[in-house]
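S.K.: Following is a predicted model, sequence given first.
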Amino acid sequence: MRSSLERLTGVIAMPLIVVHLLIAYFWIFDWEKLTTEVGLISWIGSIILGVVIFIINRKSKISDRNLSSKIVDVTTFMTILLGIFALMIEFITSSMP
């Protein structure tokens, strides 16, 4: 039987996946929206929420994880990579003369 915490992570998973995919879309096509206060809060908040869901699913006693939790793991990793790439690009361009 699934605990209420696992059900809650299942409910949060789908909107979080949509937010992660929107971040990837804006990172590619309209990066200025991600540099606003709302963009940065949603970016950092979605990463934190994704890591929390990852940890909860990892500590879950159910060995068979569902597809949505695997997708959350992948999109969270993708969003973290986009953040690292954005920081690298910012560092490289700010050090240019």
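M.R.: Cool, got the structure.

S.K.: Going by C-alpha atoms from here, please, whenever you check contacts or count neighbours.
M.R.: Noted.

S.K.: And the residue nearest the centre of this structure?
M.R.: Thr76 (3.3 Å; Cα atoms, centre = their mean).

S.K.: where does this structure dip in pLDDT?
M.R.: For the chain, the stretches with pLDDT under 70 are 1-3, 61-65.

S.K.: where along it do the helices fall?
M.R.: Assigned by DSSP state H, the helices in the chain fall at 4-29, 37-59, 67-94.

S.K.: okay, now the residue nearest to the residue nearest to the centre of the chain when sequence neighbours are not counted: neighbour count?
M.R.: If you skip the residues right next to it in sequence, Thr76 has Gly50 as its closest partner in space, 5.5 Å away by Cα to Cα, 6 or more residues apart in numbering. Gly50 sits with 27 neighbouring residues when counted by other Cα atoms under 10 Å.

S.K.: Ok, the one 3 residues further on next?
M.R.: For Ile53, the count of nearby residues is 24 (other Cα under 10 Å).

S.K.: From Ile44, how far off is it?
M.R.: Separation of Ile53 from Ile44 (Cα to Cα, to the nearest Å): 14 Å.

S.K.: same deal with Lys33?
M.R.: Applying Cα to Cα, the value for Lys33 to Ile44 is 14 Å.

S.K.: And for Asn57?
M.R.: Distance of Asn57 to Ile44, given as Cα to Cα: 20 Å.

S.K.: Looking at the two, which one has more neighbours?
M.R.: The neighbour count for Asn57 versus Ile44, taken as other Cα under 10 Å, is higher for Asn57 (21 against 14).

S.K.: my guess is that one contacts Leu67, does it?
M.R.: No. Contact criterion Cα atoms under 8 Å: Asn57 and Leu67 do not qualify, at 11.7 Å.
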